[in-house]
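Undergrad: Need the 3D shape of this:
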Amino acid sequence: MSIKVREFNESDIQAANEIWNEVVEDGVAFPQEECLTEKSGLEFFKSQSYTGIAYDEETGDIVGLYILHPNNVGRCGHICNASYAVKSTQRGKHIGEILVTDCLKKAKEIGYGVLQFNAVVATNQYALKLYKKLGFVQLGVIPKGFRMKDGTYEDIIPHYHTL
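TA: Numbering: from 1, shown residues only. Next up, the predicted model:
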């Protein structure tokens with residue numbers, strides 16, 4: 001398996017929606033509660049500063065994606081934010097690392113100076129381990145900052161990485 005990342009295009013919408021919606025439906029990582037439709041998905045993915053699509057170079061299968069966008073505006077507009085999603089059947093194959101590494105490069109290329117994550121759920125141990133490996137800095141803990149699908153609350157850990 002050889003994973004590459006390229007820019008989202010409209011023909012990716014079905015696979016991108018399926019991967020994104022799977023994470024939304026899991027209810028343990030993304031703050032969104034509503035799944036994307038073809039129309040809302042196209043608007044969503046096209047409205048980002050960049051949407052990266054991870055695909056298997058051998059098969060062409062889409063296996064993950066990321067979205068990159070401003071975290072704030074004006075005097076804080078140099079700070080960006082991102083979200084990552086990997087198809088559940090493809091997890092554990094270091095696709096997340098490929099996505100985050102590509103995102104760091106793309107964010108710098110676009111002109112951002114800092115990549116900030118506002119809400120890394122404390123139970124997301126794979127993400128926490130990866131972000132540490134890639135040099136992200138943890139900013140502290142926000143107790144009970146994320147409402148899980150089952151209605152319980154988990155802590156969130158904001159992170160940043162200077163680009």
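Undergrad: Now do the strands in the protein.
TA: Using DSSP state E, the strands found in the chain span residues 3-7, 50-56, 62-70, 79-86, 114-121, 137-138, 142-147, 153-162.
Undergrad: quick one: contacts of the shortest one?
TA: Strand 137-138 has contacts (CB atoms under 8 Å, 6 or more residues apart in numbering) with 131-132, 157-161. For the C-beta atoms, the positions are set from N, CA and C on the backbone; glycine is no exception.
Undergrad: Of the residues you listed - the most surrounded one?
TA: Using other CB atoms under 10 Å as the neighbour criterion, residue 157 leads the contacts of strand 137-138 with 23 neighbours.
Undergrad: which residues sit in contact with that residue?
TA: 120-122, 128, 138-142.
Undergrad: cool, residue 159 as well?
TA: Residue 159 neighbours (CB under 8 Å, 6+ apart): 116-117, 120, 131, 136-139.
Undergrad: how far away is it from residue 140?
TA: 10 Å (CB to CB, to the nearest Å).
Undergrad: ok, now residue 68?
TA: 24 Å.
Undergrad: Give me the more crowded residue out of those two.
TA: Using other CB under 10 Å, the more surrounded residue of residue 68 and residue 140 is residue 68, with 22 against 8.
Undergrad: just checking, the more buried one touches residue 50?
TA: Yes: between residue 68 and residue 50 there is a contact at 4.5 Å, judged by CB atoms under 8 Å.
Undergrad: Give me the common contacts of those two.
TA: Joint contacts of residue 68 and residue 50 (CB under 8 Å, 6+ apart) are 106, 110.
Undergrad: buried ones in the lengthiest helix in the chain?
TA: Criterion DSSP state H: the longest helix present in the chain is helix 95-110. In terms of neighbour count (16 or more other CB atoms under 10 Å), helix 95-110 has its buried residues at 95-96, 98-100, 102-104, 106-107.
Undergrad: How many residues are close by the residue nearest to residue 21 when sequence neighbours are not counted?
TA: Spatial nearest neighbour of residue 21, chain neighbours left out: residue 35 (4.2 Å); criterion: CB to CB, 6 or more residues apart in numbering. When counting by other CB under 10 Å, one arrives at 14 neighbours for residue 35.
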